[in-house]
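Participant: Here's a sequence, model it:
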Amino acid sequence: MRAKGRNGFRVFRCGMAGVQAVVARSDHHFVRHTHDQYGIGVIESGA
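Facilitator: Residues are numbered from 1 along each chain as shown. All right, here's what the predicted structure looks like:
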């Protein structure tokens, strides 16, 4: 992750084809939006 503020994004490879693990940290508020992928998320802090 980049060491700039609290923001960063890192993608990890997985042993299963087409599966990725992502760690994201952001102090940005995102408006409602969509992605072309499916995701399972966990919010560790904030809302």
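
Participant: leaving aside the residues next to it on the chain, what's closest to the most centrally placed residue in the chain?
Facilitator: For the chain, the residue nearest the mean C-alpha position is residue 24 (3.6 Å; CA atoms, centre = their mean). Among residues not flanking residue 24 along the chain, residue 9 sits closest, at 4.9 Å (CB to CB, 6 or more residues apart in numbering). All C-beta spots, glycine's among them, are computed from the backbone N, C-alpha and C.

Participant: low-confidence ranges in the protein?
Facilitator: 1-5, 47 (pLDDT under 70).

Participant: ok, 80 please
Facilitator: 1-6, 44-47 (pLDDT under 80).

Participant: got a list of what the residue nearest to the centre of the chain touches?
Facilitator: With contact taken as CB atoms under 8 Å, 6 or more residues apart in numbering, residue 24 is in contact with 8, 9, 10.

Participant: Give the burial count for the second one, as a bare number.
Facilitator: Other residues lying near residue 9 total 11 when counted by other CB atoms under 10 Å.

Participant: Send me the helix or strand hosting residue 10 as PDB with only the CA atoms.
Facilitator: Under DSSP states H and E, the secondary-structure element containing residue 10 is strand 8-13. C-alpha atoms of strand 8-13 as PDB (Å, rounded to 0.1, in the frame of the first residue of the first chain):
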ATOM      1  CA  GLY A   8      -4.200   2.500   0.100                       C
ATOM      2  CA  PHE A   9      -5.200  -0.400  -2.000                       C
ATOM      3  CA  ARG A  10      -3.600  -3.800  -2.300                       C
ATOM      4  CA  VAL A  11      -4.600  -6.900  -4.400                       C
ATOM      5  CA  PHE A  12      -3.400 -10.400  -3.400                       C
ATOM      6  CA  ARG A  13      -3.400 -13.400  -5.700                       C
END
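
Participant: from the middle of its chain, how far away would it be?
Facilitator: Centroid separation between strand 8-13 and its chain, computed with CA atoms, centre = their mean, to the nearest Å, is 7 Å.

Participant: Pull up the gap between residue 40 and residue 19, please.
Facilitator: 11 Å (CB to CB, to the nearest Å).

Participant: Among the two, which residue is more densely surrounded?
Facilitator: The neighbour count for residue 40 versus residue 19, taken as other CB under 10 Å, is higher for residue 19 (9 against 4).
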